[in-house]
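S.K.: model this:
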Amino acid sequence: MPMNSKPPSWSAKPVWISLGLVVLIGAYLAYVRAVDDPSKARREMESVRADISRLKRENARMLRQLAVVAERLDQQGSGSQVVADSPTPKRPPKEVSARVAERISKLKEYLSAHPEMADPEMRLLKDDDWAFPVSEIRVDTEASKRKALAQVRMQAQSRLGEMVAAAVRDYIDANNGQQPSNAAQLGPYLADPANADLLQGFGRPDSTAPPGCLFQRVSAVDEWYGSTCYVSDNEFHAHGTGSGLVVEQAIAAFQQASGSPPNEASQIVPYLRETVSPSTANAVFDGLRPSPNTPPVISQDGGMYSTSGSGNPP
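M.R.: This next block holds a predicted model:
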């Protein structure tokens, strides 16, 4: 009977060597992928930082809730009566008059016929956002419809501006105080990342931007009534632009100088800050009349403005 011989120790080496090669090759391929796709690594890091920022906000919210619970427990311990919270009734939507509802319907019909006058952020609008712009503006002329639609776009731009300002603040918090260099970096920090495409219109501010402005967005879908939005790390500011606003400012200047509103567009020509064609001035002027043969109605300073602090959209 042959003697049992111990298997040679080197017989297992090929297996371990093969496993080692597999591990090394896998590590090398992972390294190559990381080197070849640094943008993917940056995006993943941005996503992680955004998640951390959201967790910080959620943690702060829970701490506030715990403080409220602790206060109520203290009241119970001291013998104070604690009144249970009643369910918050669902607030019904704001009712609008039949006149305003009719104007909203007309304005939406006008927008359907002129889709080129819509901004992408108008998808953020709520039903209530349509009521204010038409409450004081009749929509039975071309100019009045364009003015009302400009106010609606301003409402949408305000909602977008608040979202972006909040994202800027969260980005800075998550990146040790460093400011974003371009608006695309804010995508993961938006309350709803699905709105990241709306950041495409934001660029670096020009010389007319207010101090502290990080990004600027210009809306010029209507040459009569445009707007510009400025975003910083704690607020946004938007104001109207265009020849329609130039006419309104001239009307305001005339009223201030004479003490009464003008009756004809020709009266405001000396007060125009920029060159506006007579046809445009007449069309805008007539569109601002509440009714035929009455003076035009404008805001006190003849313009469109919107300002708010950063935070979640209303």
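
S.K.: and the gap between residue 207 and residue 267?
M.R.: Separation of residue 207 from residue 267 (CB to CB, to the nearest Å): 34 Å. Where you see a C-beta, it was placed from the backbone N, CA and C, and this is true even at glycine.

S.K.: likewise for residue 295?
M.R.: In terms of CB to CB, residue 295 sits 10 Å off from residue 267.

S.K.: now swap in residue 204 and tell me
M.R.: Separation of residue 204 from residue 267 (CB to CB) stands at 41 Å.

S.K.: the more surrounded of these two?
M.R.: residue 267 (15 against 12; other CB atoms under 10 Å).

S.K.: which residues touch the more buried one?
M.R.: Residues in contact with residue 267 (CB atoms under 8 Å, 6 or more residues apart in numbering) are residue 254.

S.K.: give me the number of residues near residue 141?
M.R.: By other CB under 10 Å, neighbour count at residue 141 equals 16.

S.K.: which non-adjacent residue is nearest it?
M.R.: The spatially closest residue to residue 141, leaving aside those adjacent along the chain, is residue 287, at 4.5 Å (CB to CB, 6 or more residues apart in numbering).

S.K.: quick check on that neighbour: phi, psi?
M.R.: Backbone geometry at residue 287, expressed as degrees, to the nearest 10, gives phi -70, psi -20.

S.K.: so it sits against residue 146, correct?
M.R.: Yes - Residue 287 is within contact range of residue 146, at 7.3 Å (criterion: CB atoms under 8 Å).

S.K.: re the thing from before, report how many residues lie close to the residue nearest to residue 141.
M.R.: Using other CB under 10 Å, residue 287 has 23 other residues around it.

S.K.: residue contacts, it?
M.R.: By CB under 8 Å, 6+ apart, the contact set of residue 287 is 141-147.

S.K.: and it, what's its pLDDT?
M.R.: Looking at residue 287, its pLDDT is 84.

S.K.: residue 159 too?
M.R.: Predicted confidence (pLDDT) for residue 159: 89.

S.K.: with residue 43 instead?
M.R.: Residue 43 is given a pLDDT of 58.

S.K.: residue 239 now?
M.R.: The confidence metric pLDDT takes the value 84 at residue 239.

S.K.: which stretch of helix or strand covers it?
M.R.: According to DSSP states H and E, residue 239 maps onto strand 235-241.

S.K.: in that strand, what's buried?
M.R.: Going by neighbour count (16 or more other CB atoms under 10 Å), the buried part of strand 235-241 is 235-241.

S.K.: sheet partners, orientation included, of it?
M.R.: Sheet pairing of strand 235-241 (DSSP bridges) gives strand 226-231 (antiparallel), strand 305-309 (antiparallel).

S.K.: which strands and helices lie in contact with the very next helix or strand once past that strand?
M.R.: Using DSSP H and E, the helix or strand that follows strand 235-241 in sequence is helix 243-258. The contact analysis (3 or more CB pairs under 8 Å, 6 or more residues apart in numbering; DSSP states H and E) places helix 243-258 against helix 142-174, helix 278-287.

S.K.: tilt between the shortest one and helix 243-258?
M.R.: To tie it back to what came earlier, the one meant is helix 278-287. 70 degrees (axes from the mean of the first three to the mean of the last three CA atoms, to 10 degrees).

S.K.: export helix 278-287 as CSV, just CAs?
M.R.: Output in CSV follows, covering the C-alpha atoms of helix 278-287 (Å, rounded to 0.1, in the frame of the first residue of the first chain):
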residue,chain,number,x,y,z
PRO,A,278,-45.5,106.3,-31.5
SER,A,279,-47.5,103.2,-32.5
THR,A,280,-46.2,101.3,-29.5
ALA,A,281,-46.7,104.3,-27.1
ASN,A,282,-50.3,104.7,-28.3
ALA,A,283,-51.1,101.0,-28.1
VAL,A,284,-49.7,100.7,-24.5
PHE,A,285,-51.3,103.9,-23.4
ASP,A,286,-54.8,102.9,-24.7
GLY,A,287,-54.4,99.4,-23.2
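
S.K.: which parts of it are buried?
M.R.: Of all the residues in helix 278-287, those buried under the rule 16+ other CB under 10 Å are 280-285, 287.

S.K.: and these as JSON lines, adding distance to residue 155?
M.R.: Conversion of these to JSON lines gives the following (distance: CB to CB, whole Å):
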{"residue": "280", "distance to residue 155": "24"}
{"residue": "281", "distance to residue 155": "26"}
{"residue": "282", "distance to residue 155": "28"}
{"residue": "283", "distance to residue 155": "24"}
{"residue": "284", "distance to residue 155": "21"}
{"residue": "285", "distance to residue 155": "24"}
{"residue": "287", "distance to residue 155": "19"}
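
S.K.: if anything else comes up later, I'll come back, but that's it for now.
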